[in-house]
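S.K.: Show me the folded form of this:
(one chain, ligands or ions: 1)
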Amino acid sequence: MRKAWLKWTILGAPALIAAGCATYPDQPTTRQIAEKMVSEGFSAPMPALLKRLVQDKSQQICSRIGDAKLTQEEATEVVKLARESIKYPASGKLVGDWKRGDQLAHDGAGDRIQFGRLEKRKENGGLCQNCHALAPGEINVGNVGPSLTGYGLQRGNSEAIAKLTYERIYNAWAYSPCSNMPRLGATGHLTPEQVTHMVAYLIDPASPINQR
Ligand code: HEC
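M.R.: Next up is the predicted model:
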């Protein structure tokens, strides 16, 4: 019994491999099929929600198959598109109110789909806590991104640091193309003004993030 099974497996293997080679589609086709399955399987009732399935140019570049690396040209293109997306607040002031930033950093609500509908909220939260360590001693934090504890203590609060921090939060891909940090300003999840509050939360010496 066992031997027969083995014999057929050995004899059958080349045939199976040959058949497999002949019938499996190539990577781009597999990707097309997978994307079609996802979009057809996602049946949100509101057309506005279905728009989320449409990838912008940078997302298309960033959606690699397997572990394929970004080429230099692709990375340059993603950074260029990200830089073009950055808008600054009308006031020109990049550092807002750290207390508002503190609230927003710990607020994960907004833009969620609940019961097939888009959550209605006066303002979206910043989600930072989901991925980053924030003030010292906070336990309920994520580790997808680097710790932001002591961010301002390490970097200071110069104009240059404020601008860099604003741009990283508005569109992280301007500095780390295709990273897992959401493009919070560029996607419209946070307003430019909210981003200034996040900047203050990170660099203001009075902010809880910068206490020892
Ligand atoms: C889904 C996870 C995720 C969320 C949510 C998120 N980040 Fe990030 N963040 C990352 C990752 C991953 C990195 C590292 C890659 C990069 O720099 O883009 C990062 C990097 C950063 C950096 C650069 C850190 C450094 O050492 O220079 C800053 C600043 C930052 N995030 C701030 C924020 C703030 C403020 C929020 C909330 C408004 C936030 N992040 C929300 C994942 C996230």
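S.K.: From start to finish, how long is stretch 105-117 in a straight line?
M.R.: One end of stretch 105-117 to the other measures 24 Å (CA to CA, to the nearest Å).
S.K.: And for that stretch, what's in contact with it?
M.R.: Stretch 105-117 has contacts (CB atoms under 8 Å, 6 or more residues apart in numbering) with 44-46, 49, 118-119, 121, 123-130, 134, 189, 198, 201. The way it works is simple: take the backbone N, C-alpha and C, and place the C-beta from them, glycine included.
S.K.: Just the buried residues of these.
M.R.: Neighbour counting with 16 or more other CB atoms under 10 Å marks 124, 125, 126, 127, 128, 129, 130, 134, 189, 198, 201 as buried within the contacts of stretch 105-117.
S.K.: and those residues as TSV, adding pLDDT and secondary structure?
M.R.: Below are the buried ones among the contacts of stretch 105-117 laid out as TSV (pLDDT from 0 to 100; DSSP: H, G, I helix; E, B strand; the rest coil):
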residue	pLDDT	secondary structure
124	94	coil
125	95	coil
126	94	coil
127	90	coil
128	97	helix
129	96	helix
130	95	helix
134	97	coil
189	93	coil
198	98	helix
201	98	helix
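S.K.: So which of the residues you listed is the closest to residue 94?
M.R.: Among the buried ones among the contacts of stretch 105-117, residue 198 lies closest to residue 94 (CB to CB), at 10.4 Å.
S.K.: give the contact list for residue 141.
M.R.: When contacts are counted by CB under 8 Å, 6+ apart, residue 141 is found next to 129, 132, 133, 134.
S.K.: what does residue 74 give?
M.R.: So residue 74 contacts 61, 177 (CB under 8 Å, 6+ apart).
S.K.: separation between it and the ligand?
M.R.: Per CB to the nearest ligand atom, to the nearest Å, residue 74 is found 16 Å from the ligand.
S.K.: just to revisit the earlier point, can you tell me which of the contacts of residue 141 are up against the ligand?
M.R.: Taking CB under 6 Å from any ligand atom as the test, the ligand is in contact with residue 132 out of these.
S.K.: tell me which of the contacts of residue 141 is nearest to the ligand?
M.R.: Ranked by distance to the ligand (CB to the nearest ligand atom), these are led by residue 132 at 5.4 Å.
S.K.: what's around that closest one, how many residues?
M.R.: For residue 132, the neighbour count with other CB atoms under 10 Å is 22.
S.K.: Wait, it touches residue 151, no?
M.R.: No: assessed by CB atoms under 8 Å, residue 132 is found out of contact with residue 151, at 9.3 Å.
S.K.: Please report how far the residue most central in space within the chain lies from the ligand.
M.R.: Nearest residue to the geometric centre of the chain (CA atoms, centre = their mean): residue 182, 3.0 Å. Per CB to the nearest ligand atom, residue 182 is found 5 Å from the ligand.
S.K.: re earlier: of all the buried ones among the contacts of stretch 105-117, which comes closest to residue 57?
M.R.: residue 189 (18.7 Å).
S.K.: list the contacts for that closest one?
M.R.: So residue 189 contacts 110, 111, 124, 127, 182 (CB under 8 Å, 6+ apart).
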